[in-house]
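S.K.: all I have is the shape, not the residue letters:
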C-alpha cells in the first residue's frame with residue numbers, strides 16, 4: 001500500500017493537484033481512501049452520519065485509536081474534514097469520530113469493485129455497482145430478485161467473498177430531460193436552457209482553453225459524445241454552441257456498452273452574450289429530502305450565490321444542494337460515491353450507456369433538471385462547486401438523484417476555470 005500511495009503522490013505532483021499545505025490532493029474518493037489506508041493499514045472506509053459524526057471502519061477499532069484516526073484524516077483531507085458537515089441547516093461545530101468493526105480493508109474493496117462492475121452490469125436488469133463505505137463492502141442494485149443468484153454466481157466466479165457484496169432491489173436509472181423555461185440574463189448556473197435534444201439546465205459558466213462558455217450534460221446535446229455544434233438557447237434567445245463533448249468508449253461484454261466518466265459537455269458562449277463567471281442563481285427557498293420542489297423564483301435582492309471553491313468529489317453523508325430549472329433549489333445527502341451505473345433508455349451509436357464513478361444523493365430532481373449545478377452550500381451567499389446532475393431513479397419521497405462530480409468532468413473536458 002505504501003508503494004501504491006507513493007506512485008499516486010507522484011501522479012498528483014505531476015498533474016498539479018496539491019492541497020493548500022503542499023500535500024497531495026486526491027482526485028477521486030478511491031484515491032483518498034488509498035491515501036488514508038497508507039497511514040491506517042486496517043482502514044475500511046468512512047462516512048458522515050445524520051449528526052455529522054465521522055464513522056470509520058477498522059479491522060481493529062480500539063477506542064484508544066481515535067486520535068490516530070483523526071490525525072490521519074486531517075493529514076490526507078485537511079483540518080476542514082472535522083467541521084465541513086455543519087452549516088446553517090445543521091447545528092454543531094466539530095465532527096466526533098466513531099469507530100466500527102470492519103471486515104475488509106479498502107484496498108481489497110477497491111480491487112473487488114474493479115473486478116465486479118463490468119461483469120455484473122452486463123446482466124440485463126442490473127443498474128449499479130458501488131463500493132459502499134457505509135457497509136464496508138460492495139452494493140449491487142438490480143430490478144429483479146431473479147438476478148440475485150446470477151450476481152452471486154459472478155461474485156463466486158471471481159473469487160470475491162460473498163459476504164462482501166450486498167444485493168438490493170432498485171428502479172432503473174434514467175436521465176432527466178424535456179422541459180422549457182424563462183429568459184434570464186446574465187446567464188448563470190441553474191437557469192433553463194433548450195436545444196434540439198429538449199430542455200435542460202445550465203450547470204455553471206467556465207473558461208476552457210481560452211473559451212468562455214458553460215457546462216451542461218452530454219445527453220442535452222443533439223448527439224451525445226460527438227461535437228455537432230448543438231445550439232443552446234434560453235427562452236428563445238441563443239446562448240452558444242457545443243464545442244466539446246468527449247467520445248464514449250466501447251466497454252462491457254463484447255464492447256457492447258458506451259462508457260464515459262461524466263455526463264458533461266462544454267458550450268461556448270456566443271459573442272455578446274451576458275453571463276457571470278462563478279455564480280449560481282439563488283432562489284427564495286430550498287426544500288429538503290421528501291419535501292418536494294424548492295423555489296424557482298430568483299431572489300429579488302440576493303439573486304446569485306458565489307462559487308468560492310471547487311470540490312472534486314463528495315464523501316458519503318455530505319449534505320449537497322442542486323439548483324434545477326424544474327424543481328429549483330433542493331438539497332439532500334450523499335449515499336453513493338464513485339458507483340458504476342447503467343443508464344436506462346440511453347444509447348450512443350446503438351450501445352447502452354454506462355457511466356463510471358458517479359455519485360448519488362436524495363435531493364429532489366425531475367425532467368428538465370439535467371445539467372443542474374450540484375454544490376455544497378456555505379450557509380451564506382457562497383457555495384463550493386461539486387458537479388452536475390444528470391438523472392435519477394424512483395419517484396416522490398424515494399427519489400435518488402445522480403450526478404457527475406467535478407473531478408471527472410475536468411478529467412474529460414480539460415482544466416476549467418469556474419470562479
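M.R.: That came through, no problem. These figures come from a predicted structure and were not determined experimentally.
S.K.: break the chain down into its domains, please.
M.R.: Here the chain is described, according to automatic domain parsing, as comprising the domains 2-97, 106-169, 174-413.
S.K.: so which of these is the most packed in?
M.R.: Mean neighbour count, computed with mean count of other Cβ atoms under 10 Å, is highest for domain 174-413 among these, reaching a mean of 21. Using the backbone N, CA and C atoms, a C-beta is placed for each residue, glycine as well.
S.K.: mind checking the end-to-end distance for that domain?
M.R.: Across domain 174-413, the straight-line distance between its terminal residues is 23 Å, by Cα to Cα, to the nearest Å.
S.K.: if I pick residue 250, what's in contact with it?
M.R.: The contact partners of residue 250, taken as Cβ atoms under 8 Å, 6 or more residues apart in numbering, are 256, 257, 258, 259, 351.
S.K.: by contact count, what packs against the helix or strand hosting the fourth one?
M.R.: Under DSSP states H and E, the secondary-structure element containing residue 259 is strand 257-260. With contacts defined as 3 or more Cβ pairs under 8 Å, 6 or more residues apart in numbering; DSSP states H and E, the secondary structure elements packing on strand 257-260 are strand 249-251, strand 328-348, strand 351-361.
S.K.: repeat the analysis, applying 6 Å as the threshold.
M.R.: Taking 3 or more Cβ pairs under 6 Å, 6 or more residues apart in numbering; DSSP states H and E as contact, the helices and strands that strand 257-260 lies on are strand 249-251, strand 351-361.
S.K.: distance check, residue 318 against residue 81.
M.R.: Residue 318 sits 11 Å away from residue 81 when distances are taken as Cβ to Cβ, to the nearest Å.
S.K.: go on, residue 162?
M.R.: Applying Cβ to Cβ, the value for residue 162 to residue 81 is 33 Å.
S.K.: check residue 213 too.
M.R.: Using Cβ to Cβ, which is the criterion applied here, residue 213 is 33 Å from residue 81.
S.K.: do a quick rundown of the helices in the chain.
M.R.: Remark: helices of the chain, listed N- to C-terminal, are 2-15, 29-39, 66-77, 106-121, 147-157, 406-413; assignment by DSSP state H.
S.K.: reformat these as TSV; add mean pLDDT and distance to residue 132.
M.R.: What follows is the helices of the chain, written out as TSV (pLDDT from 0 to 100; distance: least, Cβ to Cβ, whole Å):
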stretch	mean pLDDT	distance to residue 132
helix 2-15	40	21
helix 29-39	97	12
helix 66-77	96	19
helix 106-121	97	9
helix 147-157	97	14
helix 406-413	98	19
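S.K.: among those, which comes closest to residue 131?
M.R.: Evaluated with Cβ to Cβ, those place helix 106-121 nearest to residue 131, the distance being 4.4 Å.
S.K.: how far off helix 29-39 does the closest one point, in degrees?
M.R.: Regarding helix 106-121 and helix 29-39, their directions subtend 150 degrees when assessed with axes from the mean of the first three to the mean of the last three Cα atoms, to 10 degrees.
S.K.: now do helix 106-121: which elements does it pack against?
M.R.: Counting by 3+ Cβ pairs under 6 Å, 6+ apart, the elements that helix 106-121 packs against turn out to be helix 29-39, strand 43-48, strand 126-132, strand 137-142, helix 147-157.
S.K.: what do you get if the cut-off is 7 Å, keeping everything else the same?
M.R.: Contacts of helix 106-121 with other secondary structure elements, assessed using 3 or more Cβ pairs under 7 Å, 6 or more residues apart in numbering; DSSP states H and E, are made with helix 29-39, strand 43-48, strand 126-132, strand 137-142, helix 147-157, strand 328-348.
S.K.: in a markdown table, list these along with distance to residue 57.
M.R.: Putting those into a markdown table (distance: least, Cβ to Cβ, whole Å) gives the following:
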| stretch | distance to residue 57 |
| --- | --- |
| helix 29-39 | 11 |
| strand 43-48 | 3 |
| strand 126-132 | 11 |
| strand 137-142 | 10 |
| helix 147-157 | 20 |
| strand 328-348 | 14 |
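S.K.: among those, which is nearest residue 390?
M.R.: Relative to residue 390, the nearest member of those by Cβ to Cβ is strand 328-348, separated by 8.3 Å.
S.K.: next, the angle strand 43-48 makes with the closest one.
M.R.: The directions of strand 328-348 and strand 43-48 differ by 130 degrees, with the same axes, to 10 degrees as the criterion.
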